[in-house]
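> Here is my input, please return the structure:
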Amino acid sequence: MSVAIQGTVAPGFEPVREAFAANFARAGDYREVGAALAAFHRGRCVANLWGGYADRARMRPWKEDTLINVWSATKAAVAVAMAMLVERGRLRYGDTVASVWPQFAQAGKANVTVAQVLSHQAGLPGFIEPTTIEDQYDWESCCAKLERQAPAWPPGTATSYHAMTYGWLAGEIVRRVSGASVGTFIRDEIARPLQADVFVGLPASEDVRVAEIIGPKRAPNIPPLGQAAMMALANPQQNPEQPNARAWRAAEIPAANGQASAMGLARLYAALTNGGALDGVQILSPDSIARMTAPATSDGRIDMFLGFKDSWGMGVALNTPGIYGTNPRAFGHSGWGGSFGCADPDAGVAIGYVCNQMGPELVGDPRTAELCTAVFGCL
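Numbers count the residues shown, from 1 in each chain. This next block holds a predicted model:
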């Protein structure tokens, strides 16, 4: 059954529509049910596409403003919030976390820095204390667990993706410094000014726009991982369809429960490729973007969870693996199942993509590279 693709592309970007449409016809694990793609070039929208259905039953058409849980693509908005506080002189990346969050100094963490948290070096990749999915809705309890927990390695000496704990660690720093929850800060300081549909903590009034997320068609192939890296997966083991619960959407889980549209992600990254501004709204200076996207390490270490060369800036993923085009200076963040946002500051390109049919692999969704290749190929 063919799917009608809605939306527009600028002249010369017709191959982007073709690549987007092809995902609805592809065989196997990554065939779309519903999805959207938006792209900007030097502050101008050059693609705004959507198609398919917002539910498993294929009864609700995907719309231009449909939202979906974007999993770890949420982390980039948190990184921008942190960068804004640094730019305003409220915080420095080199500060210890305990300087703004004194209780965090317990269990040998007095010298852990903000930079180590944002670049997954803090040694807290998952919880030690038993934790359920529902426990993640309790902000204070999650933060208290991390206060009590000892690092799994000497902070700063190794890197392993903090899949869920990144959100409470960075988010509590935002709360302590700004006085606002990270979801409120993102709403008031980033999303509303940029007119970007990105929520961490979704009001019930927006539920009508949210697509049903559909879990992967098969279990992922997870290579053998060391004990520290496994912490990110095991406690709790996430349910891919938990985002369909109202309680999940309402909570602030800033590593994983952002609800966003493709245009929302694209507008966020479009500002970051355009000197920190979009449509006259400035959220960051070019210098702050450069600091946020500078490599956190230079020793060639391997991320113990992801299995490739450490490629973290201050909360964003650098393009070391080459999934966001060919430019190593590109950056972004992908989410479990396929949604992603990225930016190439040299080409002036920003891309946002969201989907409800999750792919099975934790790393290496083919839709990412193919859509990026299509956009960059049109420049």
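> just checking, residue 217 touches residue 27?
No - taking contacts as CB atoms under 8 Å, residue 217 lies outside contact range of residue 27: 11.4 Å. Every residue, glycine included, has its C-beta placed from N, CA and C.
> Quick check on these two: which one has the bigger neighbour count.
residue 217 (13 against 6; other CB atoms under 10 Å).
> Assumed that one was part of a strand.
No - counting by DSSP: H, G, I helix; E, B strand; the rest coil, residue 217 is not part of a strand but coil.
> From residue 361, how far off is it?
11 Å (CB to CB, to the nearest Å).
> Show me the strands in the stretch 51-200 of the chain, by range?
For the stretch 51-200 of the chain, the strands defined by DSSP state E, counting those that start in this stretch cover 68-69, 198-199.
> Of those, give the one that comes closest to residue 132.
Closest approach to residue 132 among the strands of the stretch 51-200 of the chain (CB to CB): strand 68-69, 18.4 Å.
> Parallel or antiparallel, which strands does that closest one pair with?
The pairing partners recorded for strand 68-69 under DSSP bridges are strand 259-260 (antiparallel).
> Name the residues of stretch 286-300 that come out as buried.
Residues 288-289, 291-293, 296-297 are the ones in stretch 286-300 that count as buried (16 or more other CB atoms under 10 Å).
> average pLDDT for that stretch?
Taken as a whole, stretch 286-300 carries a mean pLDDT of 97.
> Next: stretch 151-170.
So the average pLDDT for stretch 151-170 ends up being 98.
> Ok, stretch 101-119 next?
98.
> what sits up against that stretch?
Applying CB atoms under 8 Å, 6 or more residues apart in numbering, the contact partners of stretch 101-119 are 79, 82, 91-98, 121-123, 144, 146-151, 155-156, 159, 162, 166, 169-170, 172-173, 176, 296-297, 310, 312-315.
> got the buried residues for that stretch?
Going by neighbour count (16+ other CB under 10 Å), the buried part of stretch 101-119 is 101, 104-105, 109, 112-119.
> centre of the chain versus it, how much separation?
How far stretch 101-119 lies from its chain's middle: 22 Å, per CA atoms, centre = their mean, to the nearest Å.
> Just the C-alpha atoms of it, please, in PDB.
Written as PDB, here are the backbone C-alpha positions of stretch 101-119 (Å, rounded to 0.1, in the frame of the first residue of the first chain):
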ATOM      1  CA  TRP A 101      24.400  20.300  44.400                       C
ATOM      2  CA  PRO A 102      26.200  19.700  47.700                       C
ATOM      3  CA  GLN A 103      24.500  16.300  48.400                       C
ATOM      4  CA  PHE A 104      26.100  14.900  45.300                       C
ATOM      5  CA  ALA A 105      29.500  14.900  46.900                       C
ATOM      6  CA  GLN A 106      28.700  11.600  48.800                       C
ATOM      7  CA  ALA A 107      30.400   8.300  48.000                       C
ATOM      8  CA  GLY A 108      33.600   9.700  46.400                       C
ATOM      9  CA  LYS A 109      31.900  12.200  43.900                       C
ATOM     10  CA  ALA A 110      33.100  15.500  45.400                       C
ATOM     11  CA  ASN A 111      35.400  16.100  42.300                       C
ATOM     12  CA  VAL A 112      33.000  15.000  39.500                       C
ATOM     13  CA  THR A 113      32.700  18.000  37.100                       C
ATOM     14  CA  VAL A 114      29.700  19.200  35.100                       C
ATOM     15  CA  ALA A 115      31.800  18.400  32.000                       C
ATOM     16  CA  GLN A 116      32.200  14.800  33.100                       C
ATOM     17  CA  VAL A 117      28.400  14.500  33.600                       C
ATOM     18  CA  LEU A 118      27.700  15.900  30.100                       C
ATOM     19  CA  SER A 119      30.200  13.700  28.400                       C
END
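> how about the helices in this protein?
14-22, 75-87, 114-118, 139-148, 165-178, 182-185, 192-194, 227-234, 246-250, 262-272, 286-292, 366-377 (DSSP state H).
> most neighbours per residue, which of those helices?
helix 262-272 (a mean of 29; mean count of other CB atoms under 10 Å).
> name the helices or strands packed onto that one?
Helix 262-272 is packed against strand 34-41, strand 44-52, helix 75-87, helix 192-194, strand 198-199, strand 277-278, strand 340-344, strand 349-355, with contacts defined by 3 or more CB pairs under 8 Å, 6 or more residues apart in numbering; DSSP states H and E.
> Tabulate the ones you listed (JSON lines), appending distance to residue 233.
Output for the helices and strands packed on helix 262-272, formatted as JSON lines (distance: least, CB to CB, whole Å):
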{"stretch": "strand 34-41", "distance to residue 233": "26"}
{"stretch": "strand 44-52", "distance to residue 233": "29"}
{"stretch": "helix 75-87", "distance to residue 233": "17"}
{"stretch": "helix 192-194", "distance to residue 233": "33"}
{"stretch": "strand 198-199", "distance to residue 233": "25"}
{"stretch": "strand 277-278", "distance to residue 233": "36"}
{"stretch": "strand 340-344", "distance to residue 233": "20"}
{"stretch": "strand 349-355", "distance to residue 233": "22"}
